[in-house]
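Undergrad: Got a sequence here, can you model it:
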Amino acid sequence: MSRKSSLDPKLKEILENLNLEDGDDALLAEPSEDDAHRLRALYRRLNNGRERALRPGQLAIWKPGLKNRRFPAYGQPAIVVEVLDPPVLEHEMESGTPYFREPLDLLLGILHPEGDFLVYHFDSRRFQPLEDDGAENR
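TA: Sure thing, here's the model as predicted:
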C-alpha cells in the first residue's frame, strides 16, 4: 500500500533534484509504520512500571530497548543499593545528549568485568525487577 508523502511538494522536488550518492535516498524516506509503532511501545515501556517499584536489595535488569549506558549489559543483573527521592539530575551541559537532565533516582551495584563491585546512578524508568529474583524467599 502506497502512502502519500507528507513533504511539501516544492521541498520534495528540491530534494529529488539533489545529486545523492547511492543509499543516501534512505535519509529522505518517510518513517515506516513499524518505526512509529516501536517508538510508541518504547515510550509506554519507559513510562510504565511504577507499580513494580524497585527497592534496595532487589535485583534489576534493563527493560528491553531502553539501555542507554555501557554497563550493565542486557540481561546482566544489578542490585538496587538505594532509591533517591528527589532524583539527582544529570548535569550534562549539552542538551543534544541523551543524558541532559536525566533524572537519576536509582543507585545500582554491578559487577565490573574485572570483578569489582561498582555503584552507578541510573534512571529507574529504564529498569525492571529481575523476575526470578527469589530474594524474598531467602
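Undergrad: in this protein, which segments are predicted with low confidence?
TA: 1-7, 10-31, 49-51, 92, 132-138 (pLDDT under 70).
Undergrad: and it, what are its domains?
TA: Residue ranges for the domains of the chain, per automatic domain parsing: 9-45, 54-137.
Undergrad: other SSEs contacting the longest strand belonging to the chain?
TA: Longest strand in the chain by number of residues (criterion: DSSP state E): strand 78-89. Using 3 or more Cβ pairs under 8 Å, 6 or more residues apart in numbering; DSSP states H and E, the elements in contact with strand 78-89 are strand 59-62, strand 103-111, strand 117-122. C-beta coordinates here come from the backbone N, C-alpha and C atoms, glycine included.
Undergrad: what's the nearest residue to the spatially most central residue of the chain if we skip its chain neighbours?
TA: Nearest to the geometric centre of the chain sits Leu66, at 2.6 Å (Cα atoms, centre = their mean). The shortest distance from Leu66 to any non-neighbouring residue, by Cβ to Cβ, 6 or more residues apart in numbering, is to Arg126 (4.3 Å).
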